[in-house]
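J.: Give the three-dimensional model of this entry:
(one chain, ligands or ions: 1)
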Amino acid sequence: MAEIEIRPYEPSDRAGVRDVCFLTGYMGEPVEFEWADAKSFSDIWVGWYIDNEPESAWVAADGVDVLGYLVGCRDTADGPNLAAIFVRSVFTRGLLLRPGTAPYLWRSVADVVRDRRLPPVAPDLARWPAHLHIDLLPAARGSGVGRRLISLWCATLRDAGVPGVHLGTLVENTGAVAFFEAMGFRPHGSPVAVPGGRTRDGGRLHALLMVKDL
Ligand SMILES: CC(C)(COP(=O)(O)OP(=O)(O)OC[C@H]1O[C@@H](n2cnc3c(N)ncnc32)[C@H](O)[C@@H]1OP(=O)(O)O)[C@@H](O)C(=O)NCCC(=O)NCCS
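T.: The predicted structure follows:
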């Protein structure tokens, strides 16, 4: 396999980053089985970052294809309004009516009514103002690419005087949690059930915030 290069994001990487997002969206596996709309999924999870803060994005590439990315936001308070992006996507794409997304969304509505609680989306932003998303295709995993991407982002933030960084993951994504702990992140607060989120055998998925001091 060609050597994997890590470099700053370029506009020509846009489609590749969006594809990787959709192909890794279910804890590293393709998310299409429960969210069959690539445009909205990538708009929600990577769109804002590559279109509004591209200087905080890096890609892993083999010279031809994008194999992975880290997208970040230095100041979450001034960053993406995920709820607004989500709601806009749901209505402009007709997702409540489409067979590939409606079951997930209506299950989410039922969960919110039952749980009466939404997972927190961020910790204390004075201490951990920055955040990130990282995803690699299987071919790029397990050889230090993730470590290099996190190290780059943390070094960039330290140089800018940013005191801390956070991220959201899932308790059930045990490989990712182990990776982030190896990178110096620690769990923050209690996990909270994700509206609509299910394991393949029907169990609930739980959001976990993790933080790292810089
Ligand atoms: C999680 C992910 C970014 C890690 O990147 P990676 O390149 O595979 O990880 P690295 O090879 O850099 O590993 C760095 C360290 O993390 C640990 N680690 C990585 N993946 C692990 C796993 N699945 N289980 C346990 N530990 C793991 C290793 O111990 C490694 O430590 P070492 O350097 O001392 O050997 C990548 O596997 C991935 O994209 N997974 C699927 C998508 C995903 O879950 N993204 C996170 C969503 S919140």
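J.: Can you name the residues that contact the residue found closest to residue 79 once you drop the neighbours it is linked to in the chain?
T.: Nearest non-adjacent residue to residue 79, counting by C-beta to C-beta, 6 or more residues apart in numbering: residue 73, 3.9 Å away. To be clear about C-beta, it is placed using only N, CA and C from the backbone, and glycine gets the same treatment. Taking C-beta atoms under 8 Å, 6 or more residues apart in numbering as the criterion, residue 73 is in contact with 48-49, 53, 56, 79-80, 130-132.
J.: ok, now how distant is residue 73 from residue 175?
T.: Noted for residue 73: a distance of 24 Å to residue 175, by C-beta to C-beta, to the nearest Å.
J.: what's the answer for residue 169, then?
T.: Applying C-beta to C-beta, the value for residue 169 to residue 175 is 10 Å.
J.: who's more crowded, the two?
T.: The residue with more neighbours, out of residue 169 and residue 175, is residue 169; 22 against 11, by other C-beta atoms under 10 Å.
J.: Just confirm yes or no for whichever helix or strand the more buried one is part of near the ligand.
T.: Of the helices and strands defined by DSSP states H and E, residue 169 is found in strand 164-170. Yes. Strand 164-170 is in contact with the ligand by C-beta under 6 Å from any ligand atom, via residue 169.
J.: residue contacts, residue 140?
T.: Contacts for residue 140 (C-beta under 8 Å, 6+ apart) come out as 4, 60, 67-68.
J.: State the phi and psi torsions of it.
T.: When read as degrees, to the nearest 10, the backbone of residue 140 gives phi -100, psi 0.
J.: gap between it and the ligand?
T.: Going from residue 140 to the ligand by C-beta to the nearest ligand atom, to the nearest Å gives 7 Å.
J.: Distance check, the nearest residue to that residue once chain neighbours are set aside against residue 189.
T.: Nearest non-adjacent residue to residue 140, counting by C-beta to C-beta, 6+ apart: residue 67, 4.0 Å away. For residue 67, the distance to residue 189 equals 32 Å [C-beta to C-beta].
J.: If you count surrounding residues, which of those two has more?
T.: Ranked by neighbour count (other C-beta under 10 Å), residue 67 and residue 189 place residue 67 first, with 24 against 13.
J.: Let me know the secondary structure of that one.
T.: With DSSP: H, G, I helix; E, B strand; the rest coil as the basis, residue 67 sits in strand.
J.: List the residues that contact the most centrally placed residue in the chain.
T.: A centroid search over the chain (C-alpha atoms, centre = their mean) returns residue 133, at 3.8 Å, as the residue closest to the centre. Residue 133 sits next to 45-46, 49, 69-72, 167 when contact means C-beta under 8 Å, 6+ apart.
J.: what does residue 121 give?
T.: 82, 168.
J.: can you check residue 194 too?
T.: 111, 119, 170, 204-207.
J.: In the chain, which residue sits closest to the ligand?
T.: Nearest residue of the chain to the ligand: residue 146, at 2.2 Å (C-beta to the nearest ligand atom).
J.: Can you report how many residues lie near that residue?
T.: Using other C-beta under 10 Å, residue 146 has 22 neighbouring residues.
J.: Flag every buried residue along the one helix or strand residue 51 maps to.
T.: Using DSSP H and E, residue 51 falls within helix 48-52. Buried positions in helix 48-52, judged by neighbour count with 16 or more other C-beta atoms under 10 Å: 48-50.
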